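Colleague: Here's a sequence, model it:
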Amino acid sequence: MEVEVKLRLPGPEAHQQLAQLLAPGLLATHQQENYFFDGPGRELNSKRVVLRLRFYDGDKKAVLTLKGEQVLVDGIGRASEVEEVLPDAAAARRYLQQPSELLALPSDIMKGLAQ
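Modeller: Residues are numbered from 1 along each chain as shown. All right, here's what the predicted structure looks like:
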């Protein structure tokens with residue numbers, strides 16, 4: 001299970017302080033590129049669903065993610081999230097130029113969206 005914490009910091013100074021506090025536990029740093037997809041009628045957005053393609057460290061890894069609608073209870077947001085690592089990160093870049101090709105991707109995420 002993954003737990004994600006998001007903090008709203010008042011400014012750069014607070015960010016620097018937090019970074020210094022967390023630095024001893026830092027194992028690695030990764031460069032990420034995030035791309036979001038939706039239909040022409042914003043079909044996913046209207047259902048509060050997000051489809052993201054994330055690249056790590058250039059083309060070392062590509063992950064397709066479907067995030068469900070967030071439910072907020074007592075100030076804590078919870079949302080379903082399904083991720084699939086794509087077998088060829090470099091080849092996955094074609095989806096940036098031809099997003100409709102995602103529809104043919106043999107992926108449980110894309111199969112679920114098609115239903």
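Colleague: CA atoms for contacts and neighbours, from now on please.
Modeller: Will do.
Colleague: Off-centre distance for the least confident helix or strand in the chain by mean pLDDT?
Modeller: Sorting the helices and strands of the chain by mean pLDDT, DSSP states H and E puts strand 76-78 at the bottom, at a mean of 83. Computed by Cα atoms, centre = their mean, to the nearest Å, the separation of strand 76-78 from the middle of its chain amounts to 16 Å.
Colleague: Sort out which residues of the helix or strand that that strand is followed by are buried, please.
Modeller: Next helix or strand after strand 76-78 toward the C-terminus (DSSP states H and E): strand 81-86. Of all the residues in strand 81-86, those buried under the rule 16 or more other Cα atoms under 10 Å are residue 86.
Colleague: my read: residue 103 touches residue 110, true?
Modeller: Yes. At 6.2 Å, residue 103 and residue 110 qualify as touching, with contact defined as Cα atoms under 8 Å.
Colleague: So between those two, which is more surrounded?
Modeller: residue 110 (17 against 14; other Cα atoms under 10 Å).
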